[in-house]
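In: Fold the following, please.
(one chain, ligands or ions: 1)
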Amino acid sequence: MSAAREELRQAVHRGDDVAIDRLGWAAVFEVLDRFWAKRLATADRLAYATAVGHVPADTVRDTLVALASSGQSPYRPAPAQLAAAVAPTATNTPPGGRRLRTDQHPVALARVRELLAASHPVCGCRGARQFLRDAAGVMRCAACTGLEQGQADTALEADQPDEALAA
Ligand SMILES: [Zn+2]
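Out: Down below sits the predicted model:
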């Protein structure tokens, strides 16, 4: 069990809002509480902390927002569903049955759209470039941290979740 997860579990167990906030999870629980009906009880929070407490809080929050805003999750995702969603892998199979590359996962594309909306630059480096994939599946230039043009294009094209899944 990772140290971050254990620390989070302890904080949730104690109801220590300051520690939960310091760990970045106040934002996660806020999304979990507000985007779907009914607030979480401590036992529910503990289940989420156990399932995905080892994942960076930003990634968990982004995943929740993407699930909610893409209409893929009309009900609050269960801890196990969320764990699957925050770990996009090459073997992740979306509802349509088509396997997605990690950098084409709806979560990654939603994050790219968010970054573009926040005026995050697309990489314009010349010559050989290396792109690194972050925890959310976003491809960033190793030199300038700019977004990969191809992924940015895909993200904008996939702005309609229904089309993205049906494509
Ligand atoms: Zn670059």
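In: ok, now which ones touch residue 39?
Out: Applying CB atoms under 8 Å, 6 or more residues apart in numbering, one finds that residue 39 lies in contact with residue 33. Where you see a C-beta, it was placed from the backbone N, CA and C, and this is true even at glycine.
In: What does it show for phi and psi?
Out: Here is the backbone geometry of residue 39 (degrees, to the nearest 10): phi -80, psi 160.
In: pLDDT value on it, please?
Out: On pLDDT, residue 39 comes in at 88.
In: For it, give its distance to residue 9.
Out: According to CB to CB, to the nearest Å, residue 39 stands 19 Å off from residue 9.
In: Look up the closest residue to the residue positioned nearest the centre of the chain, ignoring the ones flanking it.
Out: Nearest to the geometric centre of the chain sits residue 63, at 2.7 Å (CA atoms, centre = their mean). Closest residue to residue 63 apart from its sequence neighbours, by CB to CB, 6 or more residues apart in numbering: residue 86 at 4.7 Å.
In: cool, residue 51 as well?
Out: In space, residue 51 is closest to residue 79, 3.6 Å off (CB to CB, 6+ apart).
In: Relative to its centre, which residue of this protein is most distant?
Out: Of all residues in the chain (CA atoms, centre = their mean), residue 127 lies farthest out, 30.9 Å.
In: Is that residue in a helix, a strand, or coil?
Out: Following DSSP: H, G, I helix; E, B strand; the rest coil, residue 127 is assigned to coil.
In: Now do the contacts for the residue nearest to residue 63.
Out: 52, 55, 59, 60, 63, 107.
In: Could I have the PyMOL command that selects the buried members from these?
Out: In PyMOL, this line selects whichever of the contacts of residue 86 come out buried by 16 or more other CB atoms under 10 Å:
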select buried, resi 52+55+59+60+63+107
